[in-house]
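In: no sequence on this one, just coordinates:
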Ligand SMILES: C[C@@H](N)C(=O)N[C@H](C)C(=O)O
Ligand SMILES: [Zn+2]
C-alpha cells in the first residue's frame, strides 16, 4: 500500500513544522526604537534596596526564575527612580525593588504558571505583546523604613492578586493606605504611572520608545 507508507514518512516532517510554528519568540515590532541603555539601579543609588522575588522561590510560581538578583532599567527610568527615592529619603523612607527589567522568556514562564483567571484580569502580561518589564521601563516597588531598614506594610503583599492590590483599594489599615499613596505620589512626580491592578507596578512614561527584549542579566552586565 503506497499511500500509508508515503504518509508515514511525512509524519516527522509535519511534527517539526508544527513545532517550529509553535516556538515562542518575543513579538516582532516595527519600531523605530531607541537603542537599549541599561543601568543597574543600585549602582546609581545604593540607598535603593532590592528583594528581587523572581530570583527566589518567594514568588507566586514557587520557583526561582532568575539566576541572579539584579535590578536593571533603561537609563531614563533608572534616573527617574533615583529622583523618586531621593524625595522619599527626605520623608524617612527608601524604595524597595521587587522586580525591574525582566527578560521576555520569564514573562512567558509567568504566563505559563498563571491561572486562566489571572491571565484574563491582566495580572501577568501576555507574552504575545510582552510586558513593559521586558522593555526595561517597568518597576515593581515598595517602601522600606530608613530608621529600621524594614519593609513598610501595604494594603496587600507583593503579587497578591486580589482587590487589596488595587491602587485605589479603600479598605485595610489606614497607615498601609497612606504608605501606598505616598509611594504612588513620589513615583508619579517622576514620570511613572501606576498599574490599575497592582499598587507596586509602575510604568515609566518612555516605555513606548524601547522594544521587548530577551537579553539575560549576564549579557546586560557585560
Ligand atoms: C506578575 C506581576 N508582577 C507583573 O509584573 N504583572 C504585569 C502586568 C506584567 O507582567 O507586566
Ligand atoms: Zn510589574
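Out: It's in. The structure displayed is predicted, hence computed values, not measured ones. Ligands and ions are numbered 1, 2, ... in the order given.
In: which bits of this protein sit near ligand 1?
Out: 107, 110, 122-125, 131-133, 138, 140, 159, 201 (CB under 6 Å from any ligand atom). For every residue, glycine as well, the C-beta is placed using N, CA and C.
In: could you redo the last one with a cut-off of 5 Å?
Out: 124-125, 131 (CB under 5 Å from any ligand atom).
In: So for this protein, the centremost residue is which one?
Out: residue 133 (4.1 Å; CA atoms, centre = their mean).
In: and that residue, what does it touch?
Out: 99-102, 107, 125, 139-140 (CB atoms under 8 Å, 6 or more residues apart in numbering).
In: Could you list which of these belong to strands?
Out: Assignment to strands by DSSP state E places the following of these there: 99, 139-140.
In: Considering the residues you listed, which possesses the most neighbours?
Out: residue 139 (29 neighbours; other CB atoms under 10 Å).
In: Residue 131 and residue 213, how far apart?
Out: 11 Å (CB to CB, to the nearest Å).
In: any residues in contact with both of those two?
Out: Common neighbours of residue 131 and residue 213 (CB under 8 Å, 6+ apart) are residue 104.
In: Please enumerate the helices of this structure.
Out: 2-22, 41-44, 75-89, 104-113, 116-120, 174-188, 217-221 (DSSP state H).
In: Deepest-packed of the ones you listed, please.
Out: Among the helices of the chain, the stretch with the highest mean neighbour count (mean count of other CB atoms under 10 Å) is helix 75-89, at a mean of 20.
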